[in-house]
Every structure is written in structure tokens, then in C-alpha cells.
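Enquirer: test case, fold it:
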Amino acid sequence: MAREPDDLYRGEAEIIPPSRQGASARGQRGVWIEQGPAGGFRVHLATPGPWGTLGLLAGAGIIVACVFFLFVSAVLVAIPVIGILVGVSLLGAIARRYMQHRA
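Expert: Coordinates of the predicted model:
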């Protein structure tokens, strides 16, 4: 009987009792990755602690501030450009009217 590809790569769950402390960072909060003897990887995700949450919020705040400053700088650059375009169009309209009266 041929085995399906899913059966070849299916791993078994390992139950780790709380009293077992290995050399890895299992007792710490955060993310740790462990490579098994057969070359497989185990990834553990845990809730971030107060410093991790503070770091995430600070990073998000920096990104929001950068986007805000980019937006403000784009508006500040656009104001003179719009002013120049309006001025040129007004001068063009005045020049056209002057040229029509002279002809």
C-alpha cells in the first residue's frame, strides 16, 4: 500500500511537562526556534511581555510618524507648485485677453 505524501511528513506532537526545563529558552517569553535531531524545526510563539509590547508600540509609532511626515512634506511641496500653476494660468489668461484686444 502506497503512503500518501501527507503521511510521510506528518510529525507527532510532543507534550512537554511544565517541570521539564531544557537548555533552550522554553521558560522565557517570546519566540524561540529549535532544530531537532532529524533536521526538523519547532517554532514556539508566546505572548510578548511588557517590554515586547512597548517595543511593538514604539515601532508602530515610528512608522506612523514617518508616514505622517511624508504626507505633510508632500502637502508642503504641493502648495507652492499649485501656487505657481495658478499664477501661470492667470498670467496666460491676462496675456490672451491682451492679445485679443490688440488684434
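
Enquirer: state the helix or strand in which residue 47 lies.
Expert: Counting by DSSP states H and E, no helix or strand carries residue 47.

Enquirer: all numbers from here: first residue = 733
Expert: Okay, residue one is now 733; in that scheme the one you just asked about reads as residue 779.

Enquirer: residue 746 falls within a helix, correct?
Expert: No - assignment of residue 746 by DSSP: H, G, I helix; E, B strand; the rest coil gives coil, placing it outside any helix.

Enquirer: contact partners for it?
Expert: Going by C-beta atoms under 8 Å, 6 or more residues apart in numbering, residue 746 touches no other residue. C-betas here are computed from N, CA, C, even on glycine.

Enquirer: quick one, phi/psi of it?
Expert: Per-residue torsions, residue 746: phi -110, psi 120 (degrees, to the nearest 10).

Enquirer: and it, how far from residue 772?
Expert: Per C-beta to C-beta, to the nearest Å, residue 746 is found 11 Å from residue 772.
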